[in-house]
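Q: Quick one: sequence and predicted model below, then my questions.
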Amino acid sequence: MKKGILVFLALAFSLAIVLPAFAEDGTQDQKAETNNLRKEIIRLKYVNASAVQSLLYFYTSRQMNIMINAGIPDILIVSDTPENVEKILAVIREIDTKPADVLFTVQLILGSETDAQTDAELQSDPIIKELRKLLRYKGYTLLDSTLVRVINRERASVVLGPKAEFVFALQPDVAGDDKAPVIKTEVRLRQVIQAAVQESATMKAAQPIVNTLIESTLNIKSGDRTVVGVSKLDGGDKGLILIISAKIVD
């Protein structure tokens, strides 16, 4: 009996010495891991920190910490092992790149079934030559033309026409590889007709009438030119023809 008690006491004494040593070693290991972490404050140029945060979790360890602040959307604070921080920086270099700029040439052309006169600059236009075969219009007049430069995936709009009555809006989305990019473009052409009655001291002006003439989504290769659509005007003997070209620029 006494012998058993002595053995138990000896074992308890040994554990009392060994367990704190193990606990101390574990604490030291945690401190060592914390001391080995690398912290980086990253300023993004083109993308939002919240947009890339979830993606970066795939390249982190359990010691990782990614901090963002809604008030400073271009700052990202990363803390992780040096190896993982290098991976994160490499990923950010890949995705934080300047978006493509797309330059559009926009032409608004009036086709007429009764007036056979065609502007001299349109006489040799290959698209107009093709339209002569497909449409009933005898004459073609250039109402307006302009250049629109827009950042990829952002919206842009411009007012067109001799009376500034047409609003042209677009939004490009560049896809595909660098050698053969395709520009998916949302296009809309509206006509804004101002009220005949002007505002006075006793009467408010009526709201303008807005008609959507052309609305389409099309794929354009960089450098190509195409007809977006045709919309009839003035009872059907005239029509608006919208032609655009697109080019990716640096």
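A: Sure thing, it's come through.
Q: so the closest residue in space to Leu213 that isn't next to it in sequence bridges to which residues?
A: Nearest non-adjacent residue to Leu213, counting by CB to CB, 6 or more residues apart in numbering: Ser231, 3.8 Å away. All C-beta spots, glycine's among them, are computed from the backbone N, C-alpha and C. Legend: beta-bridge partners of Ser231 under DSSP bridges are Leu240.
Q: Touching, Ser231 and Gly239? I think so.
A: Yes: with contacts counted by CB atoms under 8 Å, Ser231 reaches Gly239, the gap being 6.2 Å.
Q: Looking at those two now, which is surrounded by more residues?
A: Legend: neighbour count by other CB atoms under 10 Å for Ser231 and Gly239, higher for Gly239 (20 against 17).
Q: gap between the most centrally placed residue in the chain and Val106?
A: Central residue of the chain (CA atoms, centre = their mean): Arg153, 3.1 Å from the mean position. Per CB to CB, to the nearest Å, Arg153 is found 19 Å from Val106.
Q: And stretch 180-198, what's buried?
A: Using 16 or more other CB atoms under 10 Å as the test for burial, stretch 180-198 gives 181-183, 185, 187-191.
Q: want to try CSV for the residues you listed, with pLDDT as columns?
A: Putting those into CSV (pLDDT from 0 to 100) gives the following:
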residue, pLDDT
Pro181, 89
Val182, 94
Ile183, 96
Thr185, 97
Val187, 98
Arg188, 98
Leu189, 98
Arg190, 96
Gln191, 94
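Q: Can you name the residues in contact with stretch 90-97?
A: With contact meaning CB atoms under 8 Å, 6 or more residues apart in numbering, stretch 90-97 is reached by 42, 44-47, 52, 55-56, 59, 76.
Q: Could you chop this structure up by domain?
A: Structural domains assigned to the chain are 35-98, 101-249, following automatic domain parsing.
Q: Worst mean pLDDT among these?
A: Among the domains of the chain, domain 35-98 carries the lowest mean pLDDT, a mean of 88.
Q: how distant is that one from the center of its chain?
A: Mean-position distance between domain 35-98 and its chain equals 21 Å (CA atoms, centre = their mean, to the nearest Å).
Q: For Ile68, name its beta-bridge partners.
A: Under the criterion used (DSSP bridges), Ile68 bridges to Leu76.
Q: Next: Gln171.
A: Counting by DSSP bridges, the residues bridging with Gln171 are Glu186.
Q: That one and Ser231: what is the separation?
A: Applying CB to CB to Gln171 and Ser231 gives a distance of 20 Å.
Q: same check, this time on Ile95
A: The value you get for Ile95 to Ser231, if CB to CB is used, is 40 Å.
Q: SS state for Ile128?
A: helix (DSSP: H, G, I helix; E, B strand; the rest coil).
Q: any idea what sits nearest it, other than its immediate chain neighbours?
A: Closest to Ile128 by CB to CB, 6+ apart is Leu122, at 4.9 Å.
Q: ok, now which ones touch that neighbour?
A: 109, 128, 140-142.
Q: residues in contact with Phe168?
A: 106, 108, 148, 157-160, 187-189, 242.
Q: helix, strand or coil for it?
A: Under three-state DSSP, Phe168 comes out as strand.
Q: quick one: it and Leu147, what's the gap?
A: 12 Å.
Q: buried ones in the host helix or strand of Lys247?
A: Assigned by DSSP states H and E, Lys247 belongs to strand 238-249. Within strand 238-249, the residues that qualify as buried are 238-248, counting by 16+ other CB under 10 Å.
Q: looking at it, the residue nearest to the centre of the chain is touching Ala175, isn't it?
A: No: between Arg153 and Ala175 there is no contact under CB under 8 Å: 10.5 Å.
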